[in-house]
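Peer 1: Give me a model of this one.
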Amino acid sequence: TIGPTCLAEQGKGSYVKKELPATNVIESSSLKLFETANLFNLLEIREVLECYAVEKAATVASEDNIENLRKAVNRLGKSGNDLHEFLLTDLDFHVAIGMCARLPELSDLVIGIHKLWNKKLPVIFSASRKEKIEKSIQTAKQVLRHIEQGEGKQAARGMRNHLNMVNDNLRDDLAQEQFKE
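Peer 2: Alright, predicted model coming up:
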């Protein structure tokens, strides 16, 4: 817990502010977010955060961070027709983006969202979406290239395109799951 804070207000004097809530209260609120979250809203929030992250990464990423992003993109490109491998390597790509932007908490958030999707949707992609997976890999490569070249705005556009390849499928799957309930 955080201790009391002394505050002073003009005309009211000085007083001691109550302690802030214990860390475990904050942590339980964060966990509750993922238990009750609307996945459609999380997709939108994720897009805003990740587009910001790639724009920032284009200016602050270290060479080590960029090298880790390159490796993640290469693994993504090699995932081929293996759907499970694609999903794992795509997650690695997004985690690497958070690290390039020096926002490790973003990586944690992305992992939480992926866990939630896996819990709510047993099958995210079908084999008929192979062309979207290929486009997703291409957009990941574009994002990497723009980050390497320090082109933040272009990286953000590329990330939006990358996320939309997956988000369109997720929205379709979520809608189908809601109709089943």
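
Peer 1: Tell me the spacing between Leu76 and Met99.
Peer 2: Using CB to CB, to the nearest Å, one obtains 16 Å as the distance from Leu76 to Met99. Just so you know, the C-beta spots here come from the backbone N, C-alpha and C atoms, and that holds for glycine as well.

Peer 1: do Glu105 as well
Peer 2: Going from Glu105 to Met99 by CB to CB gives 11 Å.

Peer 1: Look at the two and report which has more neighbours.
Peer 2: Taking Glu105 and Met99 together and counting by other CB atoms under 10 Å, Met99 has the greater number of neighbours (21 against 9).

Peer 1: Hmm, Ser107 and that one touching each other?
Peer 2: Yes - with contact taken as CB atoms under 8 Å, Met99 and Ser107 are classed as touching, separated by 6.2 Å.

Peer 1: Which residue ranges of the chain form helices?
Peer 2: 23-36, 39-60, 63-78, 83-100, 104-120, 130-148, 152-180 (DSSP state H).

Peer 1: Now the weakest link among these, please, by mean pLDDT.
Peer 2: Note on the helices of the chain: lowest mean pLDDT is at helix 23-36, with a mean of 56.

Peer 1: Could you find the closest non-adjacent residue to His114?
Peer 2: Taking CB to CB, 6 or more residues apart in numbering, and ignoring the residues beside it in sequence, His114 has Leu91 as its nearest neighbour in space, at 5.3 Å.

Peer 1: Kind regards, and thank you for your time.
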